[in-house]
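> Need a 3D model of the following:
(2 chains)
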There are 2 protein chains.
Amino acid sequence: MSDEINSNLLYSTKYMREDFLPNISVDCVVFGFHDECLKVLLARTEGEKDWALPGGYVKKEEDLLDSAKRILEERTGVKNVFLNQFMTFGKVRRTESFFKGIPDDVWYKQRFVSIGYYALVDFSTLKPIKDIFSDACSWHDVDMKPNLVMDHNDIYDIALQQLRKDLNYKPVGLNLLREKFTMTELQRLYEIILNRKLNRGNFYRKMMRYNILTKLDETKKGGAHKSPNYYVFNMEEYNKALENGFQESW
Amino acid sequence: MSDEINSNLLYSTKYMREDFLPNISVDCVVFGFHDECLKVLLARTEGEKDWALPGGYVKKEEDLLDSAKRILEERTGVKNVFLNQFMTFGKVRRTESFFKGIPDDVWYKQRFVSIGYYALVDFSTLKPIKDIFSDACSWHDVDMKPNLVMDHNDIYDIALQQLRKDLNYKPVGLNLLREKFTMTELQRLYEIILNRKLNRGNFYRKMMRYNILTKLDETKKGGAHKSPNYYVFNMEEYNKALENGFQESW
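Alright, predicted model coming up:
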């Protein structure tokens, strides 16, 4: 780490000890989707070469989920996103190499068990703002994700796995697609998240069994093929499924 | 808490500060299945009326998962179970009422963020042994689960929800059923975990799509109906699905 950061860290150690729980941190993996593109929100600490997931620490008098929301907003300016806790990372030396060269008693250099949260949002509506510790904060195509610091590559990978698993029992798509969308557009969202082609017939049948879509009479004009129908989400069923998970599986 | 426990806690505070991370704990929800019965493993602290999930603390030089395994073994004698991390519990006052009456500076009375692990095992093969802090450690029918201390009822509920969700993308049954089993016996396992009846035809089709079963020519004799075939797990496919999750969903 650079000398300047180094002295910032030392300076803030006393303040950290007073206000924050030791040994516990939060990292946020915010995926953004818009117009057939999947991105991830990353920050780069001043003086660092590598990017990092936006993360931070838990205040002594703050519920864990509130910490995650505050941290994401402080670090990136992004607020009002639904954060899903997905895993806690607790290897003893997960951050050690990052803090090489700074004194051992600095607060940041202790062992941190980090709780991971992920979200999926429309990136076109959320403009990141860097905080005072960062020289950049921005959306990155997942296909060209840069190398990340510490164990953040692992945290990212597991967040993406969890998002893919969650497609099986939670609805997605609201706020990511236009209000009216074709079945092909919805399938593309799933294909982009899963990073593989899906069978059109299977997708249609499964999606209809989930019972969260209302088919409109209106069709999308202008293609070479038969005009496809538009769908909208049935919000009552969508919200029920968000809360209870899809029941169709068994 | 009783006076005796109280002095034990004070006595051990110094030792805890030296060897363990502050503010971080682990709680284990171990579900047991055998012969159509689902149970949960609980411990009762000496002098306490209510039962608790077996839990404990993370050593400074110990990976989180190793802590969970050690804690489960120390508290209950149960070892060699596969622990799934499912959620971390971080409300500010989640344990406060439990430690009412003991001095504020006692190590145990601080705020703890607790990482939850669950397992599903054959309870007939795992005999719990109580530790020195407990007056009992035993299996309890989930239908007659007693009230638990602190937020352990919530932790239990969320573990059970997670186990049910996990049925959708992970195989279960190995080590819980006899080596050869009928489709009805497998279906009963799922029904008992889900606590609802399943449609026989849907269950059969879904299970066969998962591709983890091998049908034997051998049939189970003795029933009133046509003798049903036995199945065994195809271990190669079963282990692949354990690692990667079921791929059939989309």
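> Could you list the low-confidence segments of chain A?
Low-confidence segments of chain A (pLDDT under 70): A:1-11, A:223-224, A:247-250.
> cutoff 80 now
Applying pLDDT under 80 to chain A flags residues A:1-13, A:168-169, A:222-225, A:244-250.
> For A:Tyr117, give me its contacts.
Counting by Cβ atoms under 8 Å, 6 or more residues apart in numbering or on different chains, A:Tyr117 touches A:Val26, A:Asp27, A:Cys28, A:Val29, A:Ala68, A:Leu72, A:Leu83, A:Asn84, A:Gln85, A:Phe86. The way it works is simple: take the backbone N, C-alpha and C, and place the C-beta from them, glycine included.
> for stretch A:88-95, which positions count as buried?
A:Thr88, A:Phe89, A:Gly90, A:Lys91, A:Val92, A:Arg94, A:Thr95 (16 or more other Cβ atoms under 10 Å in any protein chain shown).
> Correction: the previous question concerned stretch A:38-52.
Under 16+ other Cβ under 10 Å, the buried positions of stretch A:38-52 are A:Leu38, A:Lys39, A:Val40, A:Leu41, A:Leu42, A:Ala43, A:Arg44, A:Thr45, A:Glu46, A:Glu48, A:Trp51, A:Ala52.
> will you turn the residues you listed into TSV that also has distance to chain B and secondary structure?
As requested, those are exported to TSV (distance: Cβ to the nearest Cβ, whole Å; DSSP: H, G, I helix; E, B strand; the rest coil):
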residue	distance to chain B	secondary structure
A:Leu38	16	strand
A:Lys39	22	strand
A:Val40	22	strand
A:Leu41	22	strand
A:Leu42	23	strand
A:Ala43	23	strand
A:Arg44	27	strand
A:Thr45	25	strand
A:Glu46	29	coil
A:Glu48	26	coil
A:Trp51	25	strand
A:Ala52	21	strand
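> would you list these in a markdown table and tack on distance to B:Leu177?
Shown next, in a markdown table, are the buried residues of stretch A:38-52 (distance: Cβ to Cβ, whole Å):
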| residue | distance to B:Leu177 |
| --- | --- |
| A:Leu38 | 40 |
| A:Lys39 | 45 |
| A:Val40 | 42 |
| A:Leu41 | 45 |
| A:Leu42 | 46 |
| A:Ala43 | 49 |
| A:Arg44 | 52 |
| A:Thr45 | 52 |
| A:Glu46 | 57 |
| A:Glu48 | 52 |
| A:Trp51 | 47 |
| A:Ala52 | 46 |
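> Tell me which two in those residues are the farthest apart.
A:Leu38 and A:Glu46 (27.6 Å; Cβ to Cβ).
> Quick check: residues of chain A near chain B?
Within chain A, the positions adjacent to chain B are A:21-24, A:58, A:60-65, A:67, A:85, A:87-92, A:111, A:113, A:115, A:165, A:167-169, A:190, A:194, A:198, A:202-203, A:206, A:245, A:249-250 by Cβ under 8 Å from any Cβ of the partner chain.
> Buried among those? Need that as a selection in ChimeraX.
A single ChimeraX command selects the buried members of these (16+ other Cβ under 10 Å):
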select /A:21,22,23,24,58,62,64,67,85,87,88,89,90,91,92,111,113,115,165,167,168,169,190,203,206,245,249,250
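> how about the strands in chain A?
Taking DSSP state E, the strands of chain A run over residues A:20-34, A:37-45, A:55-59, A:84-89, A:113-122, A:134-141, A:181-182, A:213-219, A:229-233.
> Contact partners for the residue minimising distance to the centre of chain A?
In chain A, the residue lying closest to the centroid (Cα atoms, centre = their mean) is A:Val30, at 2.2 Å. By Cβ under 8 Å, 6+ apart, the contact set of A:Val30 is A:Val40, A:Leu41, A:Pro54, A:Leu72, A:Thr76, A:Val78, A:Val81, A:Tyr118, A:Ala119, A:Val121.
> what's the distance between the fourth one and B:Pro128?
If I follow you right, that is A:Leu72. Taking Cβ to Cβ, to the nearest Å as the measure, A:Leu72 falls 42 Å from B:Pro128.
> Equivalent analysis for the third one, please.
A:Pro54 sits at a distance of 43 Å from B:Pro128 (criterion: Cβ to Cβ).
> Those two: which is more packed in?
A:Pro54 (25 against 21; other Cβ atoms under 10 Å in any protein chain shown).
> number of nearby residues for A:Ser97?
Other residues close to A:Ser97 by other Cβ under 10 Å number 10.
> how does chain A divide up, domain by domain?
According to automatic domain parsing, chain A is divided into the following domains: A:3-166, A:181-244.
> Among those domains, which comes closest to B:Glu179?
The nearest among those, by Cβ to Cβ, is domain A:3-166 at 29.3 Å.
> Run the chain-centre distance for the closest one.
10 Å (Cα atoms, centre = their mean, to the nearest Å).
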